[in-house]
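Visitor: Here you go, sequence then predicted model.
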Amino acid sequence: MNFMTAIQTENLTKKFGELTAVDALTLSISEGELFGLVGSDGAGKTTTMRMLTGIMEPSSGEAWVMGRQVRSEAEAIKEQIGYMSQRFGLYPDLSVLENIHFYADIYGLPRKGRETIIEQLLSFSNLTPFAKRKAGNLSGGMKQKLGLACALVHTPKVLFLDEPTNGVDPVSRRDFWRILYNLLKEGVAIFVSTAYLDEADRCNRVGLIHNGKLLACDTPENLKKLMQGTILEIRTAEPRNAARLLRERLGDVAVSLFGDKVHLVSHDSDRTKESAAAFLEQQGIPVLSLRPVEPALEDVVVSLIQDTADSGG
């Protein structure tokens, strides 16, 4: 199968007054690729997606989706894409089946032959037993799967998903990603934004965006190689307190909280290890363990953001 470019941007920029929400974004994403745009709230993920789906006009720069220009061919693009926004509009009083039919009508899907497509979507997303249930009575994970089924009803070539699993339980998140992997086999390009870095690890390539700027773009494995220094992981009964104190004490070391553990990025791990352990003991915080670990994507993000801040970028 020859894969062509599904999404391309060149210096794509969006300004709101003085604020640059997306800053000269240049990307290329192929058909059959799962691309993750990763960043915190306000990083520019949703604005990027709204420009690529033709909802919002760029301030400058260009973008193409399936070879069509987002500025001049927005309507033609809408026929070829599925878009699931953070507030995807399901109708709570309609059943699962009625919601899918409603979106099929919006996309102008002929009634003839529609049943087969809808049956496949229901089975694909494990919603067949709930076809008659009202959307308002579904769990969060099932609502997300129904939203996905509605976005796929017209068989799009490119799928845009804006933080699709935000607030969804871990089991439903896994199910959702399983469905996405099956779509890739059909050659669909999937552009997903997420704040969950463990999800970014599942993507073919990841773009890290911060304050509208793309800091890095590569495979998750290659991004982890960008990591300068060693990650030291500290386990303690008071991780929050420990992280706060270490930030004050170790000015040249990046300190971040990872669940119930503290991560330090150090360029001199032996020295940092000794001084961190001694300092925490002195502050009355017993250290349960302190060891070097492999970097996670989150560590890379933290260090890249710190580097950007340090260089005044």
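Guide: Received the coordinates, thanks.

Visitor: Arg87 and Glu274, how far apart?
Guide: According to CB to CB, to the nearest Å, Arg87 stands 50 Å off from Glu274. Quick note: C-beta positions are derived from backbone N, CA and C, even for glycine.

Visitor: Counting neighbours, go ahead and name the busier of those two.
Guide: Between Arg87 and Glu274, counting by other CB atoms under 10 Å, Glu274 is the more crowded of the two (12 against 8).

Visitor: Provide the contact partners of the strand or helix carrying that one at residue level.
Guide: Using DSSP states H and E, the element containing Glu274 is helix 269-282. Residues from elsewhere that reach helix 269-282 (CB atoms under 8 Å, 6 or more residues apart in numbering): 229-230, 232, 234, 236, 242, 245-246, 249-250, 253, 264, 266, 286-287, 290, 292.

Visitor: what's the following helix or strand after it?
Guide: By DSSP H and E, the next helix or strand past helix 269-282 is strand 287-293.

Visitor: and that following strand, which strands flank it?
Guide: Strand pairing for strand 287-293, using DSSP bridges, gives strand 230-236 (antiparallel).

Visitor: Let's test this: what are the backbone torsions at the residue nearest to Glu98 when sequence neighbours are not counted?
Guide: Spatial nearest neighbour of Glu98, excluding adjacent residues (CB to CB, 6 or more residues apart in numbering): Tyr91 at 7.5 Å. When read as degrees, to the nearest 10, the backbone of Tyr91 gives phi -100, psi 110.

Visitor: do you know how far Tyr91 is from Phe102?
Guide: Tyr91 is 7 Å from Phe102, where distance means CB to CB.

Visitor: can you tell me how far the spatially closest residue to Glu33 that is not a sequence neighbour sits from Ser193?
Guide: Residue nearest to Glu33 in three dimensions, not counting chain neighbours: Asn204, with 5.1 Å by CB to CB, 6+ apart. Distance of Asn204 to Ser193, given as CB to CB: 15 Å.

Visitor: How confident was the prediction at the most centrally placed residue in the chain?
Guide: Centrality entry for the chain: nearest residue to the mean C-alpha point is Thr194, 2.1 Å, by CA atoms, centre = their mean. Among the per-residue scores, Thr194 shows a pLDDT of 87.

Visitor: Go ahead and confirm it touches Phe35.
Guide: No - using CB atoms under 8 Å, Thr194 makes no contact with Phe35, being 11.0 Å away.

Visitor: residues shared between the contacts of those two?
Guide: Taking CB under 8 Å, 6+ apart as the contact rule, Thr194 and Phe35 touch no residue in common.

Visitor: which residues touch the residue lying closest to Gly147 once chain neighbours are set aside?
Guide: Nearest residue to Gly147, sequence neighbours excluded (CB to CB, 6+ apart): Phe88, at 4.2 Å. Going by CB under 8 Å, 6+ apart, Phe88 touches Gly147, Cys150, Ala151.
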